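Enquirer: Let me see the structure of the following:
(chains A and B)
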Amino acid sequence: EAEVAQSPRYKITEKSQAVAFWCDPISGHATLYWYRQILGQGPELLVQFQDESVVDDSQLPKDRFSAERLKGVDSTLKIQPAELGDSAMYLCASSDFYEQYFGPGTRLTVT
Amino acid sequence: AQSVTQPDIHITVSEGASLELRCNYSYGATPYLFWYVQSPGQGLQLLLKYFSGDTLVQGIKGFEAEFKRSQSSFNLRKPSVHWSDAAEYFCAVGVYTGNQFYFGTGTSLTVIP
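Expert: The predicted structure is shown next:
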(Lines give C-alpha, C1' and ligand atoms only; values in the text may rest on other atoms or scores of the structure.)
Protein backbone atom coordinates (compact mmCIF):
# COMPACT_ATOMS: atom_id res chain seq x y z
CA GLU A 1 0.00 0.00 0.00
CA ALA A 2 1.39 3.40 -0.99
CA GLU A 3 2.31 5.72 1.86
CA VAL A 4 3.40 9.28 2.45
CA ALA A 5 7.03 9.34 3.53
CA GLN A 6 8.52 11.93 5.85
CA SER A 7 11.99 12.45 7.22
CA PRO A 8 13.42 12.85 9.69
CA ARG A 9 10.98 11.36 12.20
CA TYR A 10 12.54 13.29 15.06
CA LYS A 11 14.62 16.42 15.11
CA ILE A 12 16.18 18.31 18.00
CA THR A 13 17.66 21.68 17.22
CA GLU A 14 18.78 24.74 19.08
CA LYS A 15 16.93 27.99 18.68
CA SER A 16 18.21 30.24 15.91
CA GLN A 17 19.36 27.22 13.91
CA ALA A 18 17.91 26.19 10.56
CA VAL A 19 15.91 23.00 10.16
CA ALA A 20 14.38 21.26 7.17
CA PHE A 21 11.78 18.55 6.75
CA TRP A 22 11.17 16.40 3.70
CA CYS A 23 7.99 14.81 2.40
CA ASP A 24 7.37 12.40 -0.45
CA PRO A 25 3.66 12.08 -1.25
CA ILE A 26 1.84 9.13 -2.71
CA SER A 27 2.65 8.81 -6.38
CA GLY A 28 0.17 10.65 -8.56
CA HIS A 29 -1.22 12.87 -5.81
CA ALA A 30 -1.19 16.42 -7.11
CA THR A 31 -2.11 18.05 -3.81
CA LEU A 32 0.32 18.18 -0.91
CA TYR A 33 -0.19 19.72 2.51
CA TRP A 34 2.06 20.69 5.39
CA TYR A 35 0.43 20.91 8.82
CA ARG A 36 1.75 21.92 12.21
CA GLN A 37 0.26 20.20 15.22
CA ILE A 38 0.94 21.50 18.69
CA LEU A 39 0.53 18.95 21.46
CA GLY A 40 -3.12 18.57 22.40
CA GLN A 41 -4.42 20.44 19.38
CA GLY A 42 -5.65 19.62 15.91
CA PRO A 43 -3.52 20.00 12.77
CA GLU A 44 -3.12 23.55 11.51
CA LEU A 45 -2.56 24.01 7.80
CA LEU A 46 0.70 25.77 6.98
CA VAL A 47 0.78 25.42 3.22
CA GLN A 48 -1.07 23.62 0.44
CA PHE A 49 0.42 22.84 -2.95
CA GLN A 50 -1.32 21.91 -6.16
CA ASP A 51 1.45 20.38 -8.24
CA GLU A 52 4.31 22.87 -7.81
CA SER A 53 2.10 25.88 -7.10
CA VAL A 54 1.15 27.21 -3.70
CA VAL A 55 -2.64 27.22 -3.27
CA ASP A 56 -2.80 28.42 0.33
CA ASP A 57 -0.01 29.66 2.58
CA SER A 58 -2.02 32.17 4.56
CA GLN A 59 -1.02 30.62 7.90
CA LEU A 60 2.64 30.13 7.06
CA PRO A 61 4.91 32.46 9.09
CA LYS A 62 6.76 33.66 6.05
CA ASP A 63 9.42 35.54 7.95
CA ARG A 64 10.94 32.25 9.06
CA PHE A 65 9.16 29.42 7.23
CA SER A 66 9.49 28.49 3.60
CA ALA A 67 8.16 25.58 1.56
CA GLU A 68 8.83 24.38 -1.91
CA ARG A 69 7.73 21.63 -4.25
CA LEU A 70 9.92 22.32 -7.23
CA LYS A 71 8.99 19.44 -9.51
CA GLY A 72 5.52 18.94 -8.17
CA VAL A 73 6.46 15.74 -6.41
CA ASP A 74 8.35 15.81 -3.11
CA SER A 75 8.44 18.85 -0.88
CA THR A 76 10.66 20.53 1.68
CA LEU A 77 9.58 22.70 4.60
CA LYS A 78 12.26 24.88 6.14
CA ILE A 79 12.43 26.94 9.31
CA GLN A 80 15.14 29.55 9.72
CA PRO A 81 15.74 30.56 12.42
CA ALA A 82 13.92 28.10 14.65
CA GLU A 83 12.25 29.46 17.78
CA LEU A 84 11.19 27.68 20.95
CA GLY A 85 7.54 28.04 19.95
CA ASP A 86 8.16 26.00 16.80
CA SER A 87 8.36 22.80 18.84
CA ALA A 88 5.55 20.69 17.43
CA MET A 89 4.69 17.78 15.16
CA TYR A 90 4.94 18.63 11.47
CA LEU A 91 2.64 16.50 9.36
CA CYS A 92 2.67 16.06 5.62
CA ALA A 93 -0.34 14.79 3.72
CA SER A 94 -1.24 14.21 0.11
CA SER A 95 -4.64 13.97 -1.50
CA ASP A 96 -6.29 12.30 -4.44
CA PHE A 97 -8.98 14.97 -4.26
CA TYR A 98 -11.33 12.94 -2.09
CA GLU A 99 -9.25 11.94 0.86
CA GLN A 100 -6.07 12.92 2.65
CA TYR A 101 -3.31 10.46 3.42
CA PHE A 102 -0.93 11.39 6.20
CA GLY A 103 2.69 10.62 6.75
CA PRO A 104 4.09 9.64 10.16
CA GLY A 105 5.14 13.20 10.95
CA THR A 106 8.33 14.86 12.16
CA ARG A 107 8.54 15.68 15.84
CA LEU A 108 10.55 18.90 16.23
CA THR A 109 12.00 19.96 19.56
CA VAL A 110 13.67 23.36 19.75
CA THR A 111 15.94 23.87 22.77
CA ALA B 1 -16.53 29.79 6.74
CA GLN B 2 -16.17 26.11 7.35
CA SER B 3 -15.60 24.90 10.89
CA VAL B 4 -15.55 21.68 12.85
CA THR B 5 -16.44 21.44 16.53
CA GLN B 6 -15.59 18.57 18.81
CA PRO B 7 -17.22 19.61 22.09
CA ASP B 8 -15.57 16.96 24.25
CA ILE B 9 -11.91 17.65 24.91
CA HIS B 10 -11.41 14.48 26.90
CA ILE B 11 -13.50 11.36 27.49
CA THR B 12 -12.86 8.45 29.83
CA VAL B 13 -14.63 5.13 29.37
CA SER B 14 -14.29 1.69 30.85
CA GLU B 15 -13.04 -1.13 28.70
CA GLY B 16 -16.01 -2.92 27.15
CA ALA B 17 -18.30 0.10 27.44
CA SER B 18 -19.81 1.84 24.46
CA LEU B 19 -18.37 5.05 23.06
CA GLU B 20 -19.72 8.06 21.23
CA LEU B 21 -17.55 11.00 20.18
CA ARG B 22 -19.35 14.08 18.97
CA CYS B 23 -18.60 16.16 15.92
CA ASN B 24 -20.51 19.12 14.51
CA TYR B 25 -19.61 21.00 11.39
CA SER B 26 -20.52 24.23 9.71
CA TYR B 27 -20.61 24.23 5.93
CA GLY B 28 -23.05 25.49 3.34
CA ALA B 29 -23.30 22.27 1.38
CA THR B 30 -22.89 18.59 2.13
CA PRO B 31 -19.25 18.12 2.93
CA TYR B 32 -17.03 15.11 2.87
CA LEU B 33 -16.63 13.94 6.48
CA PHE B 34 -13.83 12.02 8.09
CA TRP B 35 -12.73 10.61 11.40
CA TYR B 36 -9.04 10.07 12.10
CA VAL B 37 -7.26 8.49 15.03
CA GLN B 38 -3.81 9.49 16.24
CA SER B 39 -1.68 7.53 18.67
CA PRO B 40 1.02 9.44 20.58
CA GLY B 41 3.86 10.53 18.33
CA GLN B 42 2.21 9.13 15.22
CA GLY B 43 0.51 10.49 12.15
CA LEU B 44 -3.23 10.45 11.54
CA GLN B 45 -4.91 7.22 10.50
CA LEU B 46 -8.24 7.31 8.71
CA LEU B 47 -10.99 5.46 10.57
CA LEU B 48 -13.86 6.12 8.20
CA LYS B 49 -15.28 8.61 5.74
CA TYR B 50 -18.61 9.79 4.38
CA PHE B 51 -19.05 11.13 0.88
CA SER B 52 -22.67 10.36 0.02
CA GLY B 53 -25.29 7.63 0.21
CA ASP B 54 -25.95 5.60 3.32
CA THR B 55 -25.64 7.92 6.30
CA LEU B 56 -24.31 5.18 8.55
CA VAL B 57 -20.75 4.34 7.59
CA GLN B 58 -18.57 1.55 8.86
CA GLY B 59 -14.89 1.94 9.43
CA ILE B 60 -11.89 0.07 10.64
CA LYS B 61 -11.37 -1.27 14.15
CA GLY B 62 -15.11 -1.69 14.70
CA PHE B 63 -15.96 2.02 14.49
CA GLU B 64 -18.99 3.50 12.80
CA ALA B 65 -20.32 7.01 12.31
CA GLU B 66 -23.66 8.49 11.39
CA PHE B 67 -24.16 11.58 9.29
CA LYS B 68 -27.17 13.61 10.37
CA ARG B 69 -27.76 16.47 7.99
CA SER B 70 -30.45 18.10 10.15
CA GLN B 71 -28.04 18.32 13.07
CA SER B 72 -24.88 18.98 11.05
CA SER B 73 -23.32 16.14 12.97
CA PHE B 74 -21.09 13.18 12.27
CA ASN B 75 -20.71 11.33 15.56
CA LEU B 76 -18.33 8.41 15.95
CA ARG B 77 -19.44 5.30 17.81
CA LYS B 78 -18.08 1.98 18.96
CA PRO B 79 -20.20 -0.59 20.83
CA SER B 80 -17.37 -2.00 22.95
CA VAL B 81 -14.15 -0.13 23.58
CA HIS B 82 -10.79 -1.89 23.84
CA TRP B 83 -7.80 -0.60 25.79
CA SER B 84 -5.95 -0.16 22.49
CA ASP B 85 -8.53 2.45 21.42
CA ALA B 86 -6.99 5.00 23.78
CA ALA B 87 -5.81 7.78 21.48
CA GLU B 88 -6.69 11.20 20.10
CA TYR B 89 -9.61 11.35 17.67
CA PHE B 90 -10.09 14.06 15.07
CA CYS B 91 -13.12 14.87 13.00
CA ALA B 92 -12.51 16.59 9.68
CA VAL B 93 -14.50 18.20 6.90
CA GLY B 94 -13.40 18.10 3.28
CA VAL B 95 -14.43 20.80 0.87
CA TYR B 96 -14.55 19.57 -2.71
CA THR B 97 -13.77 22.92 -4.24
CA GLY B 98 -10.16 23.68 -3.51
CA ASN B 99 -9.48 20.25 -2.10
CA GLN B 100 -9.34 21.70 1.41
CA PHE B 101 -9.76 19.99 4.74
CA TYR B 102 -10.66 21.41 8.15
CA PHE B 103 -10.00 19.66 11.44
CA GLY B 104 -11.61 19.78 14.84
CA THR B 105 -9.50 20.25 17.93
CA GLY B 106 -9.70 16.60 18.83
CA THR B 107 -11.05 14.41 21.61
CA SER B 108 -8.65 12.53 23.82
CA LEU B 109 -9.92 9.08 24.80
CA THR B 110 -8.76 7.30 27.93
CA VAL B 111 -9.79 3.69 28.49
CA ILE B 112 -9.74 2.34 32.04
CA PRO B 113 -9.63 -1.36 32.88
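
Enquirer: quick one: A:Phe49 and A:Asp57 touch, right?
Expert: No. A:Phe49 is beyond contact range of A:Asp57, at 9.1 Å (criterion: Cβ atoms under 8 Å). For the C-beta atoms, the positions are set from N, CA and C on the backbone; glycine is no exception.

Enquirer: Identify the contacts common to the two.
Expert: Listed as contacting both A:Phe49 and A:Asp57 by Cβ atoms under 8 Å, 6 or more residues apart in numbering or on different chains are A:Ala67.

Enquirer: More neighbours: these two, which one.
Expert: Taking other Cβ atoms under 10 Å in any protein chain shown, A:Phe49 and A:Asp57 do not tie; A:Phe49 has more neighbours (22 against 17).

Enquirer: OK, contacts around the more buried one?
Expert: A:31-33, A:55, A:67, A:69, A:72, A:75.

Enquirer: Please apply the same query to A:Ser53.
Expert: Applying Cβ under 8 Å, 6+ apart, no residues qualify as near A:Ser53.

Enquirer: residues contacting the nearest residue to B:Lys61 once chain neighbours are set aside?
Expert: In this structure, B:Lys61 finds its nearest non-sequential neighbour in B:Leu47, 6.8 Å apart by Cβ to Cβ, 6 or more residues apart in numbering or on different chains. Taking Cβ under 8 Å, 6+ apart as the contact definition, B:Leu47 lies against B:34-37, B:59-61, B:63, B:65, B:76, B:89.

Enquirer: now the most centrally placed residue in chain A, which residues is it bridged with?
Expert: Centroid-nearest residue in chain A: A:Trp34, 3.4 Å away (criterion: Cα atoms, centre = their mean). A:Trp34 has these beta-bridge partners by DSSP bridges: A:Val47, A:Cys92.
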